[in-house]
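Undergrad: Sequence and predicted structure below; questions after.
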There are 2 protein chains.
Amino acid sequence: MQLEFFGTGAGMPGKFRNVASVALRLLDEINEIWLFDCGEGTQQQMLESTIKPRKIDKIFITHLHGDHIFGLPGLLSSRSFQGGHDAVTIYGPVGVKDFVQTSLRVSQTKLAYQINYKELTQPGMIYQGKKFTVMADRLDHQIECWGYRVIEHDHPGELLVDKLHAAGIPSGPLYGQLKQGKAVKLADGRTINGADFIGAPQKGRIVTILGDTRKTASIVTLAANADILVHESTFGKGESKLARNYYHSTNLQAAQTAAQTGVHQLLLTHISARYTSKMARELQKDARQCFSQTKVVRDFDVIDVPFPKRKEKQP
Amino acid sequence: MQLEFFGTGAGMPGKFRNVASVALRLLDEINEIWLFDCGEGTQQQMLESTIKPRKIDKIFITHLHGDHIFGLPGLLSSRSFQGGHDAVTIYGPVGVKDFVQTSLRVSQTKLAYQINYKELTQPGMIYQGKKFTVMADRLDHQIECWGYRVIEHDHPGELLVDKLHAAGIPSGPLYGQLKQGKAVKLADGRTINGADFIGAPQKGRIVTILGDTRKTASIVTLAANADILVHESTFGKGESKLARNYYHSTNLQAAQTAAQTGVHQLLLTHISARYTSKMARELQKDARQCFSQTKVVRDFDVIDVPFPKRKEKQP
Ligand SMILES: [Zn+2]
Ligand SMILES: [Zn+2]
């Protein structure tokens, strides 16, 4: 589970940062890739990556500003060209379907796969699979904008085979019952409680990816205890008034939110082209004063999403 | 007057060639830049150039396939962001307006300038200015596709000041009359014929830019005696059957057309990603067997459009 950034800039593509797009790589978990936003040139950025458009199963759009969607028609077309046959689901504000369908109709693009559109109309759970659930809620931007909270389900504890062997319990079909936590009577008369031979469950990870937004209440729930929070940082400290006027956030506001919501790591993105790479480091430094686990991401950064650190239950 | 290529690939962006777009730089002539096609990522390519989106006055779209138009919404938005205030005119097939307007409406983009749409419905003259005329005609592609012939008006001959001085004719207001070719009576009684003191007129240049097309009759008129012909070359020699099936041309067909129509220089573009740079050189070599003045262009190539060579009238 990694985040791979294809665009970390704000508003317009610049020489060093393309417009918004980030992939959540779930290859090890469910062999899928989910894309969040798709600014113009996302598919070109992807040429530098191991990700192929046909591996993308879901696309989540935060809002319909051009720097977040104008790469969609091209990516969807190339996905078909390159042999993508599996359906793709697009989540986003009402209007995303109109944009995509008009683009494909006018360009007479015939896709080799189906698009399922899930236009969001109310906050809550928008996807529930076997291993992941996605929640969405509205943010506070100039136009309707959503934030997404991706929740990995907890992994049940592993059967502690070594401990079973040490207790002289032979391998066999009863291991299956023990794994389910059941009590089992052995041939030698002993009754074994499966729960005693199961390791600690592994808590699932949480990744929260927000669209452009002012500081607002819904972020608190979306970001609570997230392992990674991806937050915009269009403005720097001292520019909170500008940020408010333009419906954006400063680096400090993002850091405050991260500290307040118990986030483990904060990734700042949507960096204005006004910020040179030196100034971007300043953005990071200033944010770290408030929340030390802050990183200003750059295009092509790949960030691992680690399992939350916790005390292991001793076997 | 130069052509600057931003994308020379076919169908999909590749690592080395972006999708279609080429600018005709008319800065010295009329301080304008005209763009022909605008595939996704054109504005990103432009970041490597001295051309700014706000300098673009006219956009000519050959056809509505995604690799020729998906960069339009982003380019038009950035043009506004960057302070473009002058109107822009978009020429192209019916449907280009729908695509652009839907994109701008859905993304709630408010441009600081006006777009004039000229959707093409019949072949002929589509623009006539003081210094340039543009003709358009239909090509033979899978969907409606147009080729453009940009004709620079002839420059009238210059007044031959040295020759006037040699003939002892003093500078003064009568030079203006002579320049218009009028006969003028001098104070010393001589009658001077202006036409004798005007150099040869400079023939204007012709640049023909075609969209994707099979070999077809309209190209002959569009390309006749052009100083530069920009022609697609999606396939190589020996693939004329494939080219026909997919409504495209081979390098050899383009070269034959160039030879047949009296073109001075042939620029091959719309090169498939199947062609490595070595193979692209082969495409060029093979085409040169038929038409020596052939060049396979690459992204960021800037090609000067020279005045046609001709015998200078001796002063
Ligand atoms: Zn944005
Ligand atoms: Zn094409």
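TA: Here it is on my side, so go on. Ligands and ions are numbered 1, 2, ... in the order given.
Undergrad: count of neighbours near A:R281?
TA: 12 (other Cβ atoms under 10 Å in any protein chain shown). Placement of C-beta: from N, CA and C, glycine included.
Undergrad: Tell me how many other residues surround the closest residue to it other than its chain neighbours.
TA: If the residues on either side of it in the chain are set aside, A:R281 comes closest to A:V296, at 7.2 Å by Cβ to Cβ, 6 or more residues apart in numbering or on different chains. Around A:V296 sit 24 other residues, with neighbours defined as other Cβ under 10 Å.
Undergrad: Could I get the contacting residues of A:V296?
TA: Contacts here follow Cβ atoms under 8 Å, 6 or more residues apart in numbering or on different chains; on that basis A:V296 touches A:233, A:251, A:267-269, A:271, A:280-281, A:283-284, A:287.
Undergrad: which bits of the stretch 51-200 of chain A sit near chain B?
TA: Within reach of chain B by Cβ under 8 Å from any Cβ of the partner chain, the stretch 51-200 of chain A has these residues: A:64-67, A:69-71, A:73-74, A:77-78, A:81-82, A:95-96, A:98-99, A:102-103, A:106-109, A:142-143.
Undergrad: If the residue nearest to A:R281 is in a bridge, with which residues?
TA: Under DSSP bridges, the beta-bridge partners of A:V296 are A:L268.
Undergrad: Equivalent analysis for A:L24, please.
TA: Using DSSP bridges, the bridge partners assigned to A:L24 are A:L3, A:W34.
Undergrad: any idea of the pLDDT on it?
TA: pLDDT for A:L24: 98.
Undergrad: So it sits against A:I30, correct?
TA: No. Look at A:L24 against A:I30 with Cβ atoms under 8 Å: they stay out of range, at 10.8 Å.
Undergrad: Pick out whichever of those two has more residues nearby.
TA: A:L24 (24 against 15).
Undergrad: Next, the contact list for the more buried one, please.
TA: A:L24 sits in contact with A:1-3, A:33-36, A:150, A:207, A:209, where contact means Cβ under 8 Å, 6+ apart.
Undergrad: Repeat that for A:G157.
TA: By Cβ under 8 Å, 6+ apart, A:G157 lies in contact with A:198-202, A:313.
Undergrad: and with 7 Å instead?
TA: If you count contacts by Cβ atoms under 7 Å, 6 or more residues apart in numbering or on different chains, A:G157 has them with A:198-201.
Undergrad: Which of these are buried, as a ChimeraX select command?
TA: Buried subset of the contacts of A:G157, written as a ChimeraX selection, criterion 16 or more other Cβ atoms under 10 Å in any protein chain shown:
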select /A:198,199
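Undergrad: need the contacts of A:G157 in CSV with distance to A:Y113, can you?
TA: Output for the contacts of A:G157, formatted as CSV (distance: Cβ to Cβ, whole Å):
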residue, distance to A:Y113
A:I198, 41
A:G199, 40
A:A200, 41
A:P201, 36
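Undergrad: closest to B:A226 among the contacts of A:G157?
TA: B:A226 has its nearest neighbour among these in A:P201, at 72.7 Å by Cβ to Cβ.
Undergrad: which neighbours does the helix or strand hosting A:V184 have in its sheet, and in what orientation?
TA: Taking DSSP states H and E as the criterion, A:V184 maps to strand A:183-185. If you go by DSSP bridges, strand A:183-185 pairs up with strand A:191-193 (antiparallel).
Undergrad: show me where the stretch 51-200 of chain A has helices.
TA: Taking DSSP state H, counting those that start in this stretch as the criterion, the stretch 51-200 of chain A carries its helices at A:66-69, A:72-81, A:96-106, A:161-166, A:174-179.
Undergrad: out of those helices, which comes closest to A:T42?
TA: Of all these, helix A:72-81 sits nearest to A:T42, with 5.7 Å by Cβ to Cβ.
Undergrad: what's in contact with that closest one?
TA: Outside of helix A:72-81, the residues within contact range by Cβ under 7 Å, 6+ apart are A:38, A:42-43, A:53-54, A:56, A:100, A:103-104, A:109, A:111-113, B:11-12, B:40, B:66, B:70.
Undergrad: Buried subset of the residues you listed, written for PyMOL?
TA: Applied in PyMOL, the following selects the buried portion of the contacts of helix A:72-81 according to 16+ other Cβ under 10 Å:
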select buried, (chain A and resi 38+42+43+53+54+56+100+103+104+109+111) or (chain B and resi 11+12+40+66+70)
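Undergrad: How many residues are close by the closest residue to A:V134 other than its chain neighbours?
TA: Closest residue in space to A:V134, ignoring its immediate chain neighbours: A:Y127 at 4.1 Å, by Cβ to Cβ, 6+ apart. As a burial measure, A:Y127 scores 18 neighbours (other Cβ under 10 Å).
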